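Engineer: I'll drop the sequence and a predicted model, then ask my questions.
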Protein chains: 2
Amino acid sequence: MADMSEPYFQHHVFFCLNQREGENACAQHGAQEAFDHCKQKVKTLGLAGKGGVRINKAGCLDRCAGGPVAVVYPAGVWYSYVDNADIDEIVEQHLKQGKVVERLVLPDNVGR
Amino acid sequence: MADMSEPYFQHHVFFCLNQREGENACAQHGAQEAFDHCKQKVKTLGLAGKGGVRINKAGCLDRCAGGPVAVVYPAGVWYSYVDNADIDEIVEQHLKQGKVVERLVLPDNVGR
């Protein structure tokens, strides 16, 4: 029986790293650098691992209009970020302290 | 303010498609074929899209010992599958009817 009370990862973060030739995609907007920065910071802070945080590569998350985007599960909080300062805020406030960074939340009507 | 009551995708499924040269990884165990099959089936059944199902590519999900693996968020249900029949069961029972396929659930102690 699956135990829903304790997720395998408390915060499982997926970064879109999608590339599209000649088209706008998250990878053309610094997604790889943001992913690398986020992963390193989470590791440095000792947050990584089972019961903690996992920073994950993902393909297109289908919300390209808000890109670059990342989503934090199981909470289901979607972020649109610009630079490393945004990533730092997500890590320190959300992933470390559990507080959603409202100013970076992707509005629900932003889609593909 | 983020609205947690209605997730952007009801079921957001991430397949590990990770490849590691000379090493065991999900991609060496049919993950790409399973992903393609799942994506097509979800589309055919009309489940895909906002408010519905999204089948997503992902990098290593860090639970390689149970691979090939996929995780369904926001529920946080992890699956270990073998073939297309398993994928069909996940799509028809879980993604369509919301019933977890217990026999395919990855035990919590299976990690990297």
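Structural biologist: That came through fine. Please read these numbers as outputs of a predicted model, since none were measured by experiment.

Engineer: what mean pLDDT does the longest helix along chain A have?
Structural biologist: Identified as the longest helix of chain A according to DSSP state H is helix A:31-44. Averaged across helix A:31-44, pLDDT comes to 98.

Engineer: and for stretch A:101-111?
Structural biologist: In this model, stretch A:101-111 carries a mean pLDDT of 96.

Engineer: just the helices in chain A please.
Structural biologist: A:31-44, A:84-89.

Engineer: in the sheet, who's paired with the residue positioned nearest the centre of chain A?
Structural biologist: Most central in chain A under Cα atoms, centre = their mean is A:A70, positioned 3.4 Å from the mean C-alpha point. Legend: beta-bridge partners of A:A70 under DSSP bridges are A:F15, A:Y79.

Engineer: quick one on the thing from earlier: go through the longest helix of chain A and flag the buried ones.
Structural biologist: By 16 or more other Cβ atoms under 10 Å in any protein chain shown, the buried positions in helix A:31-44 come out as A:A31, A:A34, A:F35, A:H37, A:C38, A:K39, A:K41, A:V42. Where C-beta positions appear, they are placed from N, C-alpha and C, glycine not excepted.

Engineer: excluding residues flanking it in the chain, which one is nearest the second one?
Structural biologist: Here the nearest residue to A:A34 in space, its sequence neighbours aside, is A:I87; by Cβ to Cβ, 6 or more residues apart in numbering or on different chains that works out to 5.3 Å.

Engineer: now the nearest residue to A:F9 once chain neighbours are set aside: how far from A:K39?
Structural biologist: In space, and not counting its chain neighbours, A:F9 is closest to A:R54: 4.3 Å by Cβ to Cβ, 6+ apart. From A:R54 across to A:K39, the span is 9 Å (Cβ to Cβ, to the nearest Å).

Engineer: same check on A:F9?
Structural biologist: 13 Å.

Engineer: try A:K96
Structural biologist: With Cβ to Cβ as the criterion, A:K96 and A:K39 are 15 Å apart.

Engineer: try A:L106
Structural biologist: 21 Å.

Engineer: how about A:A70?
Structural biologist: 12 Å.

Engineer: try A:G111
Structural biologist: 27 Å.

Engineer: before we move on, what about A:D62?
Structural biologist: 22 Å.

Engineer: sorry, back to before: okay, now the residue nearest to A:A34: neighbour count?
Structural biologist: Residues near A:I87, counting by other Cβ atoms under 10 Å in any protein chain shown, number 26.

Engineer: try the one 4 residues further on
Structural biologist: Neighbouring residues of A:V91 were enumerated by other Cβ under 10 Å; the total is 25.

Engineer: name the nearest residue to it, sequence neighbours excluded.
Structural biologist: With Cβ to Cβ, 6+ apart, the residue lying closest to A:V91 is A:K41, at 5.0 Å.

Engineer: same deal with A:Q28?
Structural biologist: Closest to A:Q28 by Cβ to Cβ, 6+ apart is A:Q19, at 7.4 Å.

Engineer: what residues does that neighbour make contact with?
Structural biologist: Applying Cβ atoms under 8 Å, 6 or more residues apart in numbering or on different chains to A:Q19 gives the contacts A:A25, A:A27, A:Q28.
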